[in-house]
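>>> Test case, fold it:
(2 chains)
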Amino acid sequence: MPVKYTDNQPIWMQRTPRQQYAIWLGWFLGVMLFLLCFKVISDNTIWEFLTDAHVQAASLIGRMVPPDWSITGSLMLPLWDTINIATVGTILGTIIAFPLAFLAARNTTPHPALRAFALGVIVSSRSINALIWAILLVTMIGPGLLAGMIAIALRSIGFVGKLLYEAIEEIQPTPVEAITSTGAGNMQVLAWSVLPQIMPAFAGITVYRWDINIRESTTLGLVGAGGIGLQMNAAINNLAWGQVATVFVLIFSTVIVSEWVSAKVRHAVI
Amino acid sequence: MLALKGLTKRYATGDLALDSVDLVVPAGQVLALIGPSGAGKSTLIRCVNRLVEPTSGSIHLDGEDITRVRGNRLRHARRQIGMIFQNYALVERLSVMENVLSGRLAYVGFWRSFFRKFPQSDVQQAFKILERVGLETMIDKRGDALSGGQKQRVGIARALMQNPKLLLVDEPTASLDPKTSRQIMRLICELCAEQNLATVINIHDVALAQQFVHRVVGLRAGVVVYDGPPTGLTPEILTTIYGEEDWTAVQKEDEHAATDARKDVEAALLGGHP
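Numbering: from 1, shown residues only, chains lettered A, B, ... in the order given. Have a look, this model is predicted:
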């Protein structure tokens, strides 16, 4: 927009000088804010603790190595529980999120009021961490796997619902128009023109959430919602760092496997 | 037979897209709707199958008033009207067969269609139509694996599966090369003759329209400014429809096209056209 004439030559600039100065001012204030925050945090930090941090870390790792493999066998059932919490939780959450996404998407919602309701459910599910859900559920329905599964499901509704309704809003409208013009009913239009277009996104989102849920469900045991976190917590409390290391290794390998599975599934559906 | 009376569409923005259009298209007639961009061609055909709601006027299909029908009666009206799109509008992740069978959706229930359990007669019809449009070897291909011309043939097959009385065609050749454009236009016109369909084709390519259609209607700013045979499109008429331009060049091409059409064979047409 800003074109300046020098010797009758039009000179094009991206911004007017005023805009340019405003941007520099913005950067200046940003850097000042960063330095201020740095000072506040620094004043609140006991730097003496940091001077021997590397010694502490080395000592902790030293106590973790070698891992105490003797407990591996007894960890298998909790690990299986963890995977089950993640998988059942993801399935439950997805079953609820799927219709919600259609209610929440601007182009498929039957009524604005239903859209507002669906968005409300999605936002409230997303605003609470799975661990918090687990704490609430353990107090409500007692400790165990069920609390963990429901916690994971409640958190997944928002994640899957939001990403899925965004995918629905991004579909191409012309196939929808075409199927509508054949005289198909509303549900047929959804099943024949919207659903095929969102299937790759749907598969990707679900498997990605499952992947996240495997990692999240390893911590749920900390608050009594079942799974391997309980064993980890016990080991930490006993200062049995070799056992903690074994748990870490098991979680790590599980996550690697889930990563591989989700990559395979996503590849297969596209 | 399609009959429009005083069809008017004013969009919520206040734009008057159609201004009291009267039009009768008898069965078996292929009508080309020409006019500049924004003249209301697309709005007109979308009003007919009610993808756009007309503001006033009436639409009769074989005597039945379909201007205000809702619900089941609207779906019943729509299934008698096949529509072919500029960008094919296939469901690209479905197979050719599924795309063609989707033309039967209004004839089967939700669960049957969901599990792809179409009646055998529908499947047989699909095979027949696919053979007619020359795609019998492409049945299991996915929509996104086809070329533009093939996609448009699937679009045509889908529309024909509805056993329509009326065919609405929106810029069928705008995304196709000149040779494929002619093949597609020829196919549409042949099928209309075979099945005695009333057909409305929106088209930008005046020369192509003149080569194939029975009747031309010129639309300008939502008003019909020409209605007559393709041969009646003189430079003066084209100026009324589109505005001032040197039309003699187009006229010459028309003559070429007419001779070529008589001689037939696409090869002759391939190089000869813009």
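>>> Would you mind pulling the contact partners of stretch B:135-142?
For stretch B:135-142, the external contacting residues (Cβ atoms under 8 Å, 6 or more residues apart in numbering or on different chains) are B:92-97, B:127, B:130, B:146, B:150, B:153-154, B:157. Where C-beta positions appear, they are placed from N, C-alpha and C, glycine not excepted.
>>> Now do stretch B:56-65: distance to the chain's middle.
The chain centre lies 19 Å from the centre of stretch B:56-65; the measure is Cα atoms, centre = their mean, to the nearest Å.
>>> quick one: terminal-to-terminal distance for it?
End-to-end distance of stretch B:56-65 (Cα to Cα, to the nearest Å): 13 Å.
>>> Could you do stretch B:67-83 as well?
Stretch B:67-83 end-to-end distance (Cα to Cα) = 17 Å.
>>> Can you confirm whether that stretch lies near chain A?
Yes - interface with chain A: stretch B:67-83 contributes B:74-81, B:83 (Cβ under 8 Å from any Cβ of the partner chain).
>>> Not counting the top helix by length along chain B itself, show me its contacts.
What stands out as the longest helix in chain B, according to DSSP state H, is helix B:178-195. Residues outside helix B:178-195 that contact it (Cβ under 8 Å, 6+ apart) are B:28, B:30, B:84, B:132-133, B:148-149, B:152-153, B:156, B:160, B:167, B:169, B:172-173, B:176, B:197-199, B:201, B:205, B:208, B:211-213, B:266, B:269-270, B:273-274.
>>> just stretch B:100-116 next, same as before
Outside stretch B:100-116, the residues that touch it by Cβ under 8 Å, 6+ apart are A:179, A:182-185, A:187-188, A:191-192, B:75-76, B:78-79, B:82, B:91, B:94, B:98, B:118-119, B:122-123, B:126, B:129-130, B:154, B:157-162.
>>> What subset of the residues of stretch B:67-83 next to chain A is buried?
Buried residues within these, counting neighbours by 16 or more other Cβ atoms under 10 Å in any protein chain shown: B:75, B:77-81, B:83.
>>> Just the mean pLDDT for stretch B:93-111, thanks.
For stretch B:93-111, mean pLDDT is 95.
>>> which ones are touching the closest residue in space to A:Val176 that isn't next to it in sequence?
Nearest residue to A:Val176, sequence neighbours excluded (Cβ to Cβ, 6 or more residues apart in numbering or on different chains): A:Ser193, at 4.5 Å. Residues in contact with A:Ser193 (Cβ under 8 Å, 6+ apart) are A:171, A:175-176, A:178-180, B:91.
>>> Filter the residues of stretch B:67-83 next to chain A down to just the ones in strands.
Within those, residues falling in strands by DSSP state E are B:81, B:83.
>>> Now tabulate the residues of stretch B:67-83 next to chain A in a markdown table and tack on pLDDT.
Listed next are the residues of stretch B:67-83 next to chain A as a markdown table, based on pLDDT from 0 to 100:
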| residue | pLDDT |
| --- | --- |
| B:Leu74 | 94 |
| B:Arg75 | 94 |
| B:His76 | 93 |
| B:Ala77 | 94 |
| B:Arg78 | 95 |
| B:Arg79 | 93 |
| B:Gln80 | 95 |
| B:Ile81 | 95 |
| B:Met83 | 96 |
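>>> hey, where'd the helices end up in the stretch 1-150 of chain B?
For the stretch 1-150 of chain B, applying DSSP state H, counting those that start in this stretch gives helices covering B:41-48, B:71-79, B:96-101, B:110-114, B:120-132, B:148-161.
>>> so what does the longest one touch, helix or strand wise?
Counting contacts by 3 or more Cβ pairs under 8 Å, 6 or more residues apart in numbering or on different chains; DSSP states H and E, helix B:148-161 packs against strand B:81-84, helix B:96-101, helix B:120-132, helix B:178-195.
>>> which parts of chain B sit against chain A?
B:49, B:51, B:74-81, B:83, B:85, B:87, B:89-94, B:102-106, B:110, B:113-114, B:155, B:158, B:162.
>>> which intervals of chain B have sub-threshold pLDDT?
B:249-274 (pLDDT under 70).
>>> Turn the helices of the stretch 1-150 of chain B into a markdown table, including distance to A:Phe28.
Below are those laid out as a markdown table (distance: least, Cβ to Cβ, whole Å):
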| stretch | distance to A:Phe28 |
| --- | --- |
| helix B:41-48 | 53 |
| helix B:71-79 | 62 |
| helix B:96-101 | 59 |
| helix B:110-114 | 61 |
| helix B:120-132 | 68 |
| helix B:148-161 | 54 |
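>>> Indicate which one of those is closest to A:Val40.
helix B:110-114 (60.0 Å; Cβ to Cβ).
>>> Nearest to chain B within the stretch 151-270 of chain A, name that residue for me.
Proximity of the stretch 151-270 of chain A to chain B (Cβ to the nearest Cβ) peaks at A:Gly183, 3.2 Å away.
>>> Tell me how many other residues crowd the residue nearest to B:Phe127 when sequence neighbours are not counted.
Ranked by Cβ to Cβ, 6+ apart and with sequence neighbours excluded, the top spatial neighbour of B:Phe127 is B:Glu136, at 7.3 Å. The local packing of B:Glu136 (other Cβ atoms under 10 Å in any protein chain shown) involves 13 other residues.
>>> cool, A:Phe98 as well?
What A:Phe98 shows, counting by other Cβ under 10 Å, is a neighbour count of 15.
>>> for the stretch 101-250 of chain A, what spans make up the helices?
A:112-127, A:130-141, A:145-169, A:173-181, A:186-189, A:195-220, A:229-237, A:241-269.
>>> from those, which stretch is densest packed?
Ranked by mean neighbour count, the helices of the stretch 101-250 of chain A are led by helix A:145-169 with a mean of 24 (mean count of other Cβ atoms under 10 Å in any protein chain shown).
>>> list the contacts for the residue nearest to the spatial centre of chain A?
Compute the mean C-alpha point of chain A, and by Cα atoms, centre = their mean the closest residue is A:Ile212, 6.0 Å away. Residues near A:Ile212 by Cβ under 8 Å, 6+ apart: A:Phe159.
>>> List only buried entries from the residues of chain B next to chain A.
B:49, B:51, B:75, B:77-81, B:83, B:85, B:87, B:89-94, B:102-106, B:113, B:155, B:158, B:162.
>>> Tell me how far the closest residue to chain A within the stretch 101-250 of chain B lies from A:Trp192.
Of all residues in the stretch 101-250 of chain B, the one sitting closest to chain A is B:Ala106 (3.2 Å; Cβ to the nearest Cβ). Shown here: B:Ala106 relative to A:Trp192, a distance of 11 Å by Cβ to Cβ, to the nearest Å.
>>> again with A:Ala86
33 Å.
>>> Give me the more crowded residue out of the two.
A:Ala86 (28 against 25).
>>> With adjacent residues omitted, what lies nearest to that one?
A:Asn213 (3.9 Å).
>>> Tell me who's in contact with the closest residue to B:Gly103 other than its chain neighbours.
Distances taken as Cβ to Cβ, 6+ apart place B:Met161 nearest to B:Gly103, at 2.9 Å, with adjacent residues excluded. By Cβ under 8 Å, 6+ apart, B:Met161 lies in contact with B:100-104, B:122, B:125-126, B:129.
>>> burial count for the closest residue to A:Pro2 other than its chain neighbours?
Using Cβ to Cβ, 6+ apart and skipping residues adjacent in sequence, the residue nearest A:Pro2 is A:Thr16, 4.4 Å away. By the criterion of other Cβ under 10 Å, A:Thr16 has 12 neighbours.
>>> Specify the local secondary structure of the closest residue to A:Val249 other than its chain neighbours.
Excluding its sequence neighbours, the residue lying closest to A:Val249 (Cβ to Cβ, 6+ apart) is A:Pro67, at 5.9 Å. For A:Pro67, the assignment made with DSSP: H, G, I helix; E, B strand; the rest coil gives coil.
>>> can you tell me how far A:Pro67 sits from A:Thr51?
29 Å.
>>> more crowded one of those two?
Ranked by neighbour count (other Cβ under 10 Å), A:Pro67 and A:Thr51 place A:Pro67 first, with 18 against 9.
>>> pLDDT value on the residue nearest to the centre of chain A, please?
pLDDT, A:Ile212: 91.
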